[in-house]
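>>> Sequence below, structure please.
(2 chains)
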There are 2 protein chains.
Amino acid sequence: MTPDEFRKRGVQLIEYIARYMETVQDRPVLSKTDPGDTAAMLPEHPPTEPGGDAEWNRILEDLDRIIQPGLTHWQHPGFYGYFPANASGPAILGELLSAGLGVQGMLWRTSPACTEIETRMLDWMAEACELPADFRSTSDNGGGVIQGTASESTLIALVAARRRVQRLGLEGEPVVYASTQAHSSVIKAAMIAGVARGQRDNERVRLIETDDAHAMRADILAVAIERDIKAGRAPVFVCSTVGTTASTAVDPLGEIARAARAVGFKGWLHADGAHSGAAAVCPEHRWMLSGLDLYDSYCFNPHKQLLTNFDCDLFWTSDRSTLVDALSILPEYLRNAETESGRVIDYRDWQVPLGRRFRALKLWFVVRHYGIEGLRAHIRHATALASALEARIAEDPRLELCAPRPFNLVCFRPRPLPGESFADTDARTALLLERLNASGEVFLTHAALPAGGGEPDRIVIRAAIGGTATRTEHVQRLWELIDAETDRLDDNGPLA
Amino acid sequence: MTPDEFRKRGVQLIEYIARYMETVQDRPVLSKTDPGDTAAMLPEHPPTEPGGDAEWNRILEDLDRIIQPGLTHWQHPGFYGYFPANASGPAILGELLSAGLGVQGMLWRTSPACTEIETRMLDWMAEACELPADFRSTSDNGGGVIQGTASESTLIALVAARRRVQRLGLEGEPVVYASTQAHSSVIKAAMIAGVARGQRDNERVRLIETDDAHAMRADILAVAIERDIKAGRAPVFVCSTVGTTASTAVDPLGEIARAARAVGFKGWLHADGAHSGAAAVCPEHRWMLSGLDLYDSYCFNPHKQLLTNFDCDLFWTSDRSTLVDALSILPEYLRNAETESGRVIDYRDWQVPLGRRFRALKLWFVVRHYGIEGLRAHIRHATALASALEARIAEDPRLELCAPRPFNLVCFRPRPLPGESFADTDARTALLLERLNASGEVFLTHAALPAGGGEPDRIVIRAAIGGTATRTEHVQRLWELIDAETDRLDDNGPLA
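You can find the predicted model right below:
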């Protein structure tokens, strides 16, 4: 493709994306296709001959014919499922430039700017979130790096943890700790790292009970660690969660760290702020990071709430030497004078893959475009919308809130009817969710939260607010739909 | 950023990239910046206030002022280092669209088109490379997925391997096998997976000697496996390389598989075709995949030679159930009807991360634009250029070729002078490389190759051809530089 063809088709795609931004709200949020529908529209065999310029007209048609019906629109203002993955113009342009330059940042030498801008972006964000000083690149043994996802951050932190314990000469089977509400990626990391022998290896991955607010119980953690040490096991890794996936509960970082150390924990403390950590750009939300100075690593994802396209997970550590030791291997073909000088960072040693894109560009563009105040305004806007929705639910006798709402996520369900079984309330909750999503105007997802008292977990509906385009009127509309569909539920009476 | 601002800035960036394509050849390939030069141009603190539209003019200026000097230009026609990471217009546009749509493909449900186009692309490429039928999604237990890098493919294959051996009830310490020439990511995967206890854990990662062509010796592998089984260890994983990093040597896939199975190997056979596998789009290169039907998984990277922007590694397996079993964990918040129906693929269970971009778009665009014949033409062009350079070196008495050249990589060095020590030849090789790179017109890297006979490895210069913009005249110029700098070497006489 010549530069001139690229100009022509590039301008068309920019226009296509701009139109998509303008019209996404008119599309059904959740794709209505059935399994196989998209595949049925694709040729079975690849084209043999070059399609060239003429093919591009067909490609542009196929975007509407094949792609659009098969999309669940994460950028729709009515997308409240999972957590937001909010894109923005500056971030899209950063990703475009990264692709256009096509450089590799595996070593400092393979594009110095790729490494040095990334290091500075991590320092900027550490400052913006007021992270501990020993997470800065200017500290003795700290620094930050962009990972693809928080799952990868958890994995590399676990691998570093194991290396630390190995260096200390601690014997015994390794054990990992997180709360019952921790993200599934903790167990997955333990499976990949070979610590867990399967999805339910309760001997190697201990899921610690939570309190009424769904935060980890530090006292129970301490008992578990102490018991494991006495039994000759090696506690290697504690993963605290700063904003759980089900309900954005915040584990008490300081309390956990102190309790673990008090019973002789010598492993690695990681704090996973994947979604909620972004809110720490606002001083009023920084309570969640209290105690982080006792941790070995921390991460959060600008690709969730901070207007930066996926993938962009920020990972910091105060012990980069152990991390690098756990992940570094230098074959002859990667040796170079700058690496051997020890004066540069080679980020390949901070991650699972060798190759890496110039992801710092999109974060650089986002921060320069919005400024830290712009990012704060986005967080505050989402929090205010969530607070307003929460208030509506709180005052409605047909519904109940199911968890504290520290940030932008509201968990709710229909209030149990007198004498209604848990299963029936769950069924009504699922029905309400299904009908809300069937509207096409909104998309929400569910989670399970501990009910306490030995009861089974309860199903709750999650409304995660924070899309780039989500405004007051959209959340107002969400409430209208909840209101109307809850009425419809009640018309049905209790389910048979 | 409003859609109209996005239009304006998007068109500017498209123009910037088009100009970059037109002018990259006039820039020095390897960045001349010193450590800290880029960082010194960046503000120490993040901006507080939104920069908005005015800031974009400064951003565009900074692309030339800060970014460009700090780039090593992987898209320069004189880039012959490492392996190519060739970008192209269609791939850049696919990445742009992926960012613009901003969808997540972690579950089928979270954007069905993202999953179904990816599955079809893997089937297309399996057909284009004539891969075994049991790697197709239409087979009983096979299928393909896009990973970020071959390193991740090696890791998930190893994790699947361990699960298989676990299911078989085999006891003993796990052992991994690859050749001494295998990519460093094999050892790194073993470190992450907890199989290797460090970079040089020769008990757990056995690096098998190679033959004169630098390919794995199947007979030595068989002896190693047999010995480990007898010693009560559990051989879990053999990684064969289809085109090594140092010299594109091809391990004999069929011979290795048969030799391993003959001595009772019950683990997983993975073939890593990261770079050279792309050449299998050409029938004349498919000899390298002979025996692949005996393997459990295979990968290669369109992001190296197939005009598709990084990251795009294609991974296929004939045993997806074991892979998914090794990587799957289904928390309540990800449950949905389609997943439970078993009728869809959820690619999150085929990879390390949970989230995933719509990477299939760029491959779809590339294949439609170029057609399989266009991709073949690119591979053949690079092979022909490499062959021509090889011929020049072969007929020059001052230089010697250091390895067979099956594809697009030429390994050479100055011929040892009579009586010259290994170290002195290595020093002259390094000097020649340094002077070639100092020209700014080309960039090459080095590797070490076994010399045989108990001698230390020899340093060789690698010329990896295959950039999107690399033409006959560029390789001609490379030869002129090699010619002139070799003369200069000889003027110096043997190094003191």
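>>> pLDDT (mean, whole number) over stretch A:472-492?
Throughout stretch A:472-492, pLDDT has a mean value of 93.
>>> Can you pull up the most central residue in chain A?
The residue lying closest to the centre of chain A (Cα atoms, centre = their mean) is residue A:274, at 4.1 Å.
>>> Show me which residues of stretch A:140-154 are buried.
A:142-154 (16 or more other Cβ atoms under 10 Å in any protein chain shown). Every residue, glycine included, has its C-beta placed from N, CA and C.
>>> Quick check: end-to-end length of that stretch?
Length of stretch A:140-154, first residue to last, Cα to Cα, to the nearest Å: 23 Å.
>>> Then stretch A:392-399?
OK, stretch A:392-399 end separation, Cα to Cα: 9 Å.
>>> What is the distance between that stretch and the centre of its chain?
29 Å (Cα atoms, centre = their mean, to the nearest Å).
>>> Could you say which helix or strand holds the residue nearest to the centre of chain A?
Using DSSP states H and E, residue A:274 falls within no helix or strand.
>>> mind listing what it touches?
A:83, A:150, A:183, A:243, A:245, A:299, A:300, A:301, A:304, A:313 (Cβ atoms under 8 Å, 6 or more residues apart in numbering or on different chains).
>>> Next: residue A:479.
Residue A:479 neighbours (Cβ under 8 Å, 6+ apart): A:389, A:392.
>>> and the closest residue to residue A:18 other than its chain neighbours, how many residues sit next to it?
In space, and not counting its chain neighbours, residue A:18 is closest to residue B:3: 4.2 Å by Cβ to Cβ, 6 or more residues apart in numbering or on different chains. As a burial measure, residue B:3 scores 17 neighbours (other Cβ atoms under 10 Å in any protein chain shown).
>>> what does residue A:209 give?
15.
>>> Let me know the distance separating it from residue A:450.
Residue A:209 sits 8 Å away from residue A:450, going by Cβ to Cβ, to the nearest Å.
>>> which stretches of the stretch 151-300 of chain A form helices?
A:184-192, A:218-230, A:253-262 (DSSP state H, counting those that start in this stretch).
>>> Deepest-packed of those, please.
Highest mean neighbour count of these: helix A:184-192, a mean of 26 (counted as mean count of other Cβ atoms under 10 Å in any protein chain shown).
>>> Contacts for that helix next, please.
Residues contacting helix A:184-192 (Cβ under 8 Å, 6+ apart): A:149-151, A:154-155, A:158, A:176, A:178, A:196, A:198-199, A:201, A:204-205, A:239, A:272, B:155, B:159, B:192-193, B:326-327, B:329-331, B:334, B:352, B:354.
>>> Output the set of residues of the stretch 251-400 of chain A in proximity to chain B.
Listed as neighbours of chain B in the stretch 251-400 of chain A under the rule Cβ under 8 Å from any Cβ of the partner chain: A:303, A:309-311, A:326-335, A:338, A:341, A:343-344, A:352-355, A:357, A:365, A:367-374.
>>> Got the domain ranges for chain A?
Using automatic domain parsing, the domain ranges for chain A come out as A:1-30+A:72-101+A:370-496, A:103-357.
>>> Pick the most buried one from those.
domain A:103-357 (a mean of 22).
>>> Output the lowest-mean-pLDDT helix or strand in chain A as PDB, nothing but the C-alphas.
The helix or strand of chain A with the poorest confidence is helix A:337-341; it has a mean of 89 (mean pLDDT, DSSP states H and E). Provided in PDB are the C-alpha atoms of helix A:337-341 (Å, rounded to 0.1, in the frame of the first residue of the first chain):
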ATOM      1  CA  ALA A 337      26.700  -1.900  25.100                       C
ATOM      2  CA  GLU A 338      23.800   0.100  26.600                       C
ATOM      3  CA  THR A 339      22.400  -2.900  28.400                       C
ATOM      4  CA  GLU A 340      25.800  -3.900  29.700                       C
ATOM      5  CA  SER A 341      26.400  -0.300  30.900                       C
END
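>>> Helix or strand next in line after that helix, which one?
helix A:360-394.
>>> And that following helix, how far out from the chain middle?
15 Å.
>>> so where is the stretch 1-150 of chain A shaky, pLDDT-wise?
Across the stretch 1-150 of chain A, nothing is flagged by pLDDT under 70.
>>> how about the strands in it?
Using DSSP state E, counting those that start in this stretch, the strands assigned to the stretch 1-150 of chain A run over residues A:143-147.
>>> Break down it into its helices, ranges please.
Using DSSP H, counting those that start in this stretch, helices in the stretch 1-150 of chain A cover A:3-23, A:37-40, A:52-62, A:89-101, A:112-128, A:150-167.
>>> Of all those, which one comes closest to residue A:442?
Residue A:442 lies closest to helix A:3-23 among the helices of the stretch 1-150 of chain A, at 17.1 Å (Cβ to Cβ).
>>> what's the closest one packed up against?
helix A:52-62, helix B:3-23, helix B:89-101 (3 or more Cβ pairs under 8 Å, 6 or more residues apart in numbering or on different chains; DSSP states H and E).
>>> and the first one, what does it pack onto?
When you say that, I think you mean helix A:52-62. helix A:3-23, helix B:360-394.
>>> Residue A:63 is nearest to which of those?
Here helix A:3-23 is closest among the helices and strands packed on helix A:52-62 (Cβ to Cβ), at 6.5 Å.
>>> Let me see the residues that make contact with the closest one.
Residues contacting helix A:3-23 (Cβ under 8 Å, 6+ apart): A:1, A:53, A:56, A:60, A:63, A:75, A:89, A:92, A:469, B:3-4, B:6-7, B:10-11, B:14-15, B:17-19, B:21-22, B:89, B:92-93, B:96-97, B:100-101.
>>> Need phi/psi at the closest residue to residue A:247 other than its chain neighbours.
Among residues not flanking residue A:247 along the chain, residue A:403 sits closest, at 3.7 Å (Cβ to Cβ, 6+ apart). When read as degrees, to the nearest 10, the backbone of residue A:403 gives phi -160, psi 160.
>>> Quick one: residues contacting residue A:403.
By Cβ under 8 Å, 6+ apart, residue A:403 lies in contact with A:213, A:214, A:246, A:247, A:248, A:249, A:411, A:449, A:460.
>>> Which of those fall in strands?
A:411, A:449, A:460 (DSSP state E).
>>> Could you save the residues you listed as CSV and add columns showing pLDDT and distance to residue A:428?
CSV is the format used below for the ones in strands among the contacts of residue A:403 (pLDDT from 0 to 100; distance: Cβ to Cβ, whole Å):
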residue, pLDDT, distance to residue A:428
A:411, 98, 16
A:449, 96, 16
A:460, 97, 12
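>>> and which of the residues you listed is nearest to residue B:229?
Out of those, the member with the shortest distance to residue B:229 (by Cβ to Cβ) is residue A:449, at 48.9 Å.
>>> Alright, calling it a day.
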